[in-house]
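Student: Using only what follows, build the 3D model:
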Amino acid sequence: MAEEPVNQELNKKESPELAPKIEEIVEREEKIEAVEKKLSPEEELIKQKIQEELAELKFTSAEEKEIKEKAKKIKGLGQEEKLKKLFQIAQKEGLFFAVKVAKEMKDEYLLDMFHDLLARDGFYKKFIKQ
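Tutor: Numbers count the residues shown, from 1 in each chain. Just a heads-up that it's a prediction; the model follows:
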């Protein structure tokens, strides 16, 4: 699968509302980094469900290798760029694949921000079939 250039913006045709939301949330999270931000009870349940389903999910060795490669490629980017790439991965490879890539980067702040972003505003619904 051909990789998109690292600096390319989130594909606005596929999800035009995601790019501004990502930028907004990154800015907001950076401003309140020292203060713990609470999710609503419903958002916390969504976040927990994503984490539980990922823990139970098994990937093939080929998928694991691809996860490691993608994580390595985007690890050096800024937070906003990482989030954009994770959403691109979610659109192409699936939500849990993208969460696994985020987890592989061993950046707890990024992983938490990605989970929070998915839980807020129903973004997870764009990637999970109802």
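Student: only C-alpha atoms for contact and neighbour calcs from this point on.
Tutor: Will do.
Student: Give me the below-cutoff pLDDT ranges for this structure.
Tutor: Applying pLDDT under 70 to the chain flags residues 1-17, 28-38, 121, 127-130.
Student: contacting residues for Ala62?
Tutor: Residues near Ala62 by C-alpha atoms under 8 Å, 6 or more residues apart in numbering: none.
Student: how about the helix or strand that contains it: buried residues?
Tutor: Using DSSP states H and E, Ala62 maps to helix 61-74. Across helix 61-74, burial judged by 16 or more other C-alpha atoms under 10 Å covers 64, 67-68, 70-71, 74.
Student: Ok, stretch 43-53 next?
Tutor: Those would be 43-44, 46-47, 50, for stretch 43-53 by 16+ other C-alpha under 10 Å.
Student: what's the one helix or strand Lys85 maps to packed up against?
Tutor: Secondary structure assigned from DSSP H and E places Lys85 in helix 79-93. Applying 3 or more C-alpha pairs under 8 Å, 6 or more residues apart in numbering; DSSP states H and E, one finds that helix 79-93 contacts helix 18-31, helix 95-104, helix 108-119.
Student: could you redo the last one with a cut-off of 10 Å?
Tutor: On a contact count with 3 or more C-alpha pairs under 10 Å, 6 or more residues apart in numbering; DSSP states H and E, helix 79-93 meets helix 18-31, helix 61-74, helix 95-104, helix 108-119.
Student: will you turn these into a markdown table that also has distance to Ile89?
Tutor: Converted to a markdown table, the helices and strands packed on helix 79-93 look like this (distance: least, C-alpha to C-alpha, whole Å):
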| stretch | distance to Ile89 |
| --- | --- |
| helix 18-31 | 13 |
| helix 61-74 | 9 |
| helix 95-104 | 6 |
| helix 108-119 | 12 |
